[in-house]
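Chemist: just a sequence and a predicted model for now, questions to come.
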Amino acid sequence: MSLITVFLGPSLPNHAARKILDADIRGPVQQGDVLRAVDAGASAIAIIDGIFRDAPTVRHREILWALSKGVPVFGASSMGALRAAELHTHGMIGVGLIYRWYRRFQLTPDDAVAVTHAPEALGFTPLNDALIDIRRSLQRARRAGAIDQVCHAQLVEIATGLPFEARRLLDLDRSLAPYKISQKALDASALLRLLAEHQLNADWPIPQTPQPPIVHAWLDDLVAGDIDPNPYKNTKKVR
């Protein structure tokens with residue numbers, strides 16, 4: 001059985017993820033976690049959620065290093081969609097609408113997928129709504145005739161102008177509850193189903209990513225994160 005490591009938090013409840021995929025499901029990814037997953041023997045890595053404010057975020061070079069070791073890295077929904085959009089030309093595999101959205105609209109702000117959430121003991125429950133989920137919910141309400149085009153545009157503008165921590169669909173209009181949708185959960189589920197297919201068929205894609213040059217800045221980041229940098233050094237020139 002393949003060892004799949006999934007970094008998951010508020011985008012999808014853990015129990016829902018386990019119904020789709022048999023995997024090593026961990027909390028939101030942060031700096032050093034991808035390296036540790038590779039060292040632990042992961043056959044594939046999936047990034048859905050990630051830390052971006054309370055701890056150092058996962059670095060692009062860390063993902064490139066994992067790819068260069070032949071470990072496929074997938075991304076969707078939140079931090080995973082962001083990193084996959086940024087690294088798709090280097091071999092990271094993106095899944096879902098949000099990933100495609102970030103690829104198409106490269107200047108889309110990162111906080112469009114950001115939420116605050118409860119701690120791990122409470123299941124990383126989201127405490128607000130991501131802007132992408134609000135926009136999808138408003139689109140659904142408009143198509144159903146619950147709001148008109150003018151109201152739709154006004155609510156999108158209001159939500160976009162709020163700090164990400166204060167974005168909540170029902171604070172905009174409680175009557176929108178029947179139209180609430182989580183694109184983040186849909187994309188996370190789609191990624192897990194894809195991983196389950198690869199797991200069943202044992203047909204994991206093999207990355208053809210060269211090992212990135214190991215630069216001092218990255219080694220310094222590892223040291224700052226209390227990670228031994230020595231296993232990740234190579235013979236290439238360190239700039």
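Modeler: Nice, thanks for sending it over.
Chemist: how about the residue most central in space within the chain, secondary structure?
Modeler: What sits nearest the mean C-alpha location of the chain, by CA atoms, centre = their mean, is Gly80, with 2.5 Å. The three-state label given to Gly80 by DSSP: H, G, I helix; E, B strand; the rest coil is helix.
Chemist: gap between the closest residue to it other than its chain neighbours and Leu8?
Modeler: Distance criterion CB to CB, 6 or more residues apart in numbering; nearest residue to Gly80, sequence neighbours excluded, is Ile47 at 3.7 Å. The way it works is simple: take the backbone N, C-alpha and C, and place the C-beta from them, glycine included. In this view, Ile47 and Leu8 are 9 Å apart by CB to CB, to the nearest Å.
Chemist: OK, contacts around Ala190?
Modeler: Ala76, Val95, Gly96 (CB atoms under 8 Å, 6 or more residues apart in numbering).
Chemist: so Leu192 makes contact with Lys19?
Modeler: No: judged on CB atoms under 8 Å, Leu192 makes no contact with Lys19 at a distance of 9.1 Å.
Chemist: who has more neighbours, these two?
Modeler: Leu192 (27 against 9; other CB atoms under 10 Å).
Chemist: list the buried ones in the host helix or strand of the more buried one?
Modeler: For Leu192, the enclosing helix or strand under DSSP states H and E is helix 183-201. Of all the residues in helix 183-201, those buried under the rule 16 or more other CB atoms under 10 Å are 183-192, 194-195, 198-199.
Chemist: and what of stretch 116-129?
Modeler: Buried residues in stretch 116-129 (16+ other CB under 10 Å): His117, Phe124, Pro126, Asn128, Asp129.
Chemist: what does it contact?
Modeler: Where contact means CB under 8 Å, 6+ apart, the residues beyond stretch 116-129 that reach it are 8-10, 13-14, 27-28, 49, 115, 137, 164-169.
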